[in-house]
Structure formats: C-alpha cells, structure tokens
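[1] no sequence on this one, just coordinates:
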C-alpha cells in the first residue's frame, strides 16, 4: 500500500512538471492527448490555468562549444524513420548520358539561415481586434505579422543576412503544418534558426470585446528546457523591450503541450508576441507605421547580435 501511495505521488508530480525538452528514453515519451494542431499554438490561445514557466531575459545562458542541446521533441519524428527492410531486387539500368559539369553554388551569406515565420493567413479565423470606435477599423494579426517581416527583410538584405520566409502567401489559412514543414525541408549550408512573429490576445468576454487595459506588453516563447532556445529568446526580448519601452512580460515556455512551431521545427526556434491586438490602446499603437518599424528594428538588432557573436560561449 505504501509503495502505491509513493507511485501515485510520483505520477502526480510527473504530470504537473514533466514533459520538458529531453531526449526520448527507450520507452518513448507519451504523446499529447490532443492532436498537435488542436493544442494552443501561440500566446493568445493559452488558458489562464495553464502551467507556464517564466524566465528573466537577463539570466546568463552559457552554451559550451559542441554542447548538445535538444531543440525539438525528437520522439515526434520517430514514426517518420523508414523501416529496416532487406535489400530489394537488383535492377540493371543502362549508363545515363554524361551529366553536365556542376557549377559551384554561391556561398551562403552570414552565420545562420533565418526562417522567418509570419504566422496565420487572411483565412485564419479570429486573430483580429474588436472594431474601433469608427465601427469599421480593426487590426488583423496576419497583416501585422507580414508587415513586420517585410520591414525586417529590407534591412536584412542591406546587411547581407540569409533568410527564408515560410509563408509568402496571404490568402491562406493558419497553414500550421505547412509552414513548419517548409522550414524543416529548406536546404541550407548554414544552420537554421526559426523565428515566429505574432501579436498577442488577452482573455476577453468575446471576440468583439476589448481586454482589460492592464494586460499589455511583449513576451518571447522558447522550447521548454532548451538552453539554445532560451538564449535566442532572451536576445530578442531584450531588444524588443529596449526599442518599444513596453511592459516586459519576459521569456515563457510550457512544460507540456508546447507550441507546434517550437516542437516540430528541427532547429532552434522562438516565438515573439509583440503587444496585444485586443488591448485597445496597444492595438492602436500596433497600427502605427512608426511603432511597427520599432518592432521590426528590434527583431533585426537581435538577429544581427546573434550573427555577430553566435550562440556558443567559451
């Protein structure tokens, strides 16, 4: 009886605090009870009772050269590994025509390839502010996300930084799996880093009700337990707060049911939540070109800092 009580207590603690970013054991890690695409996918979908870990972006994260860090849930990809089959029949084919001499590929620019995820699309339900007082104007998150990325790439082109936009299309739905698959499949001689750019939403009575004015600011999410992800997130959060002067909501991660774009991208990844589109005052700011430029500048400054210094520390 005493042993069963101990096991029950252990199971309770595991369910509350387990599920971090760890290499899978030989028995594998239990899958989420909901399909990946039905779990919360950004800060706006987090329920108030969700366990969230908050970290200070000023915390020093040291990553030693060659240190292995899990930047995604590897067990999620186990089913994609081909079965160990025996050799197939030997097929003899004629010699192909001589192939043309391959031309040298252009060398990639910079230290990393930045996969810029502008999230959501015109067809994504919700993800928009209530109507403003004129009864006609509202902020659409898909438009905001794309505008920030467009402002970023102008500067990245000037600086010679390599990037890849996951969803250049506009008239599209959430395209959750598609944009992650595109980032994973993108061929690159440079290591890749995934940055998903969003605006947040706070709990409100309805989609046409403004949230309390007290809920505002910026937060950056990373894969729970990843030192690399936390370090990248800390650099983005630092620059976003410095540029905007908005409320600092710090770094966040979820021990369980992590965001799809953080769990499924096979690379270090972060998700920035830039203000609240259903906070009336902040939504008005998010529609101003000068504010959007500050947010874009902050993302670029973070990218340039990482390009200059890398992520490993001696």
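    On my side now, so go ahead. Since the model is a prediction, treat every value here as computed from it, not as a measurement. Numbers count the residues shown, from 1 in each chain.
[2] okay, now residue 206: neighbour count?
    6 (other C-beta atoms under 10 Å). (Each C-beta comes from the backbone N, C-alpha and C, glycine too.)
[3] do the same with the one 10 residues further on
    Other residues near residue 216 number 19, with proximity taken as other C-beta under 10 Å.
[4] these two touch, right, it and residue 248?
    No: assessed by C-beta atoms under 8 Å, residue 216 is found out of contact with residue 248, at 10.7 Å.
[5] part of a helix, is residue 194?
    No: counting by DSSP: H, G, I helix; E, B strand; the rest coil, residue 194 is not found in a helix; it is strand.
[6] How about the contacts made by it?
    The contact partners of residue 194, by C-beta atoms under 8 Å, 6 or more residues apart in numbering, come to 115, 117, 183, 261, 265, 267-270.
[7] out of those residues, which one sits closest to residue 284?
    Using C-beta to C-beta, residue 117 comes nearest to residue 284 of those, at 25.5 Å.
[8] So what's the residue count around that closest one?
    25.
[9] I'd assumed residue 197 was in contact with it.
    Yes: if you go by C-beta under 8 Å, residue 117 and residue 197 touch, sitting 6.7 Å apart.
[10] one step back: show the buried residues in the contacts of residue 194.
    115, 117, 183, 261, 265, 267-270 (16 or more other C-beta atoms under 10 Å).
[11] Please flag which of those sit within helices.
    The helices, defined by DSSP state H, take in 183, 261 from the buried ones among the contacts of residue 194.
[12] Tabulate the buried ones among the contacts of residue 194 in TSV, adding columns for distance to residue 201.
    Shown next, in TSV, are the buried ones among the contacts of residue 194 (distance: C-beta to C-beta, whole Å):
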residue	distance to residue 201
115	24
117	18
183	24
261	17
265	23
267	27
268	26
269	21
270	19
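[13] which residues touch residue 171?
    Residue 171 touches 121-123, counting by C-beta under 8 Å, 6+ apart.
[14] any idea how far it lies from residue 61?
    Distance, residue 171 to residue 61, by C-beta to C-beta, to the nearest Å: 40 Å.
[15] now do residue 230
    Taken as C-beta to C-beta, the span from residue 230 to residue 61 is 5 Å.
[16] Which one's more surrounded, these two?
    Between residue 230 and residue 61, counted using other C-beta under 10 Å, the more crowded position is residue 230 (25 against 18).
[17] in what helix or strand does that one lie?
    Here residue 230 sits within helix 227-244, counting by DSSP states H and E.
[18] helices or strands next to that helix in the packing?
    Judged by 3 or more C-beta pairs under 8 Å, 6 or more residues apart in numbering; DSSP states H and E, helix 227-244 is in contact with strand 218-222, strand 248-253, strand 269-276, helix 289-309.
[19] Just put the ones you listed in TSV and tack on distance to residue 143 and mean pLDDT.
    Formatted as TSV, the helices and strands packed on helix 227-244 follow (distance: least, C-beta to C-beta, whole Å; pLDDT from 0 to 100):
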stretch	distance to residue 143	mean pLDDT
strand 218-222	19	97
strand 248-253	23	96
strand 269-276	13	97
helix 289-309	10	98
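[20] Out of these, which gets nearest to residue 109?
    The nearest among the helices and strands packed on helix 227-244, by C-beta to C-beta, is helix 289-309 at 9.7 Å.
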